[in-house]
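Participant: only geometry, no sequence info:
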């Protein structure tokens with residue numbers, strides 16, 4: 001099932017309404033999200049020759065990538081540019097890194113051009129601080145936007161309190177209004193130090209897809225879709241220029257469905 005609810009008046013009328021897709025379980029959600037991933041990328045490549053995607057971590061985000069690996073459709077991997085919405089500022093071989101998880105799920109198994117893959121720097125990499133890593137990644141994001149106009153697809157998971165990427169409620173990062181990438185310290189979820197895209201960067205996405213499962217996230221899904229402040233529920237501020245699609249399972253939609261009865 002799906003529904004359309006416009007909850008972004010404060011963000012500007014240029015943002016379209018949400019689409020909410022509810023699926024039976026996490027497996028059905030992953031299949032549907034993977035299908036949408038492929039459709040958006042293939043359509044972008046057909047229209048503009050190339051496509052760009054910003055990936056997320058977490059169980060839902062990685063399960064999605066595994067399903068894309070199984071059914072990649074007509075994606076031209078050589079013409080896909082890959083970015084990340086956030087990263088844990090830990091060593092490159094740390095299993096907490098979103099980059100490592102994405103490579104194990106998908107990226108190492110498809111013929112991407114290595115020059116088109118843009119991971120956020122690790123703590124043992126070129127940059128000695130998350131601030132320096134954020135500044136360097138901001139340059140990569142701005143170069144992408146200058147070259148191709150917008151990011152074609154931003155994929156997001158969501159935490160139980162509504163956080164997306166490493167944008168947590170009532171934090172300086174969720175309140176950032178100008179910089180596209182910031183260093184994040186003292187995250188309530190370990191590891192505490194991270195680098196994250198901000199809402200201004202997410203708003204440069206043609207399509208945003210939020211992939212969410214589980215009963216523990218139902219209250220945040222309902223709050224975000226029904227117009228919560230992004231400061232309180234960061235996922236409420238995740239909107240795309242052309243579409244914003246919530247792909248959720250029945251457990252995550254439980255409170256939302258109650259609201260619609």
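Facilitator: Yep, it's here. Note that this is a predicted model, so its numbers are computed, not measured.
Participant: ok, for residue 232, nearest residue in space, not its chain neighbours?
Facilitator: Excluding the flanking residues, the one nearest residue 232 by Cβ to Cβ, 6 or more residues apart in numbering is residue 169, at 5.8 Å. Backbone N, C-alpha and C define where each C-beta goes, glycine included.
Participant: same question, residue 216
Facilitator: Of all residues not flanking residue 216 in the chain, residue 160 sits nearest, at 4.7 Å (Cβ to Cβ, 6+ apart).
Participant: wait, doesn't that neighbour sit right on residue 218?
Facilitator: No. Using Cβ atoms under 8 Å, residue 160 makes no contact with residue 218, being 9.2 Å away.
Participant: how about the strands in the stretch 1-150 of the chain?
Facilitator: Listed in chain order, the strands of the stretch 1-150 of the chain (DSSP state E, counting those that start in this stretch) span 2-5, 18-23, 51-55, 80-84, 86-88.
Participant: can you pull the pLDDT of residue 110?
Facilitator: For residue 110, the pLDDT comes out at 98.
Participant: ok, it to residue 68 distance?
Facilitator: Distance of residue 110 to residue 68, computed by Cβ to Cβ, to the nearest Å: 9 Å.
Participant: more neighbours, the two?
Facilitator: residue 68 (21 against 13; other Cβ atoms under 10 Å).
Participant: who's in contact with the closest residue to the more buried one other than its chain neighbours?
Facilitator: Among residues not flanking residue 68 along the chain, residue 34 sits closest, at 4.8 Å (Cβ to Cβ, 6+ apart). Going by Cβ atoms under 8 Å, 6 or more residues apart in numbering, residue 34 touches 64, 67, 68, 70, 71.
Participant: One more: residue 150?
Facilitator: Taking Cβ under 8 Å, 6+ apart, we find residue 150 in contact with 204, 205, 206, 241.
Participant: Let's see that with 10 Å instead.
Facilitator: Neighbouring residues of residue 150 by Cβ atoms under 10 Å, 6 or more residues apart in numbering: 44, 52, 144, 203, 204, 205, 206, 207, 240, 241, 242.
Participant: can you redo the strands of the stretch 1-150 of the chain as a markdown table with distance to residue 222?
Facilitator: Formatted as a markdown table, the strands of the stretch 1-150 of the chain follow (distance: least, Cβ to Cβ, whole Å):
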| stretch | distance to residue 222 |
| --- | --- |
| strand 2-5 | 11 |
| strand 18-23 | 10 |
| strand 51-55 | 25 |
| strand 80-84 | 28 |
| strand 86-88 | 24 |
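Participant: would TSV of the ones you listed with mean neighbour count be doable?
Facilitator: Compiled in TSV, the strands of the stretch 1-150 of the chain are given as follows (neighbours: other Cβ atoms under 10 Å):
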stretch	mean neighbour count
strand 2-5	13
strand 18-23	21
strand 51-55	25
strand 80-84	22
strand 86-88	28
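Participant: Relative to residue 192, which of the ones you listed is closest?
Facilitator: strand 86-88 (9.1 Å; Cβ to Cβ).
Participant: and that closest one, which strands flank it?
Facilitator: Applying DSSP bridges to the sheet, strand 86-88 is found paired with strand 194-197 (antiparallel).
Participant: any idea which residue sits dead centre in this structure?
Facilitator: For the chain, residue 156 is the residue whose C-alpha lies nearest the centre (Cα atoms, centre = their mean; 2.6 Å).
Participant: Great, nothing more from me.
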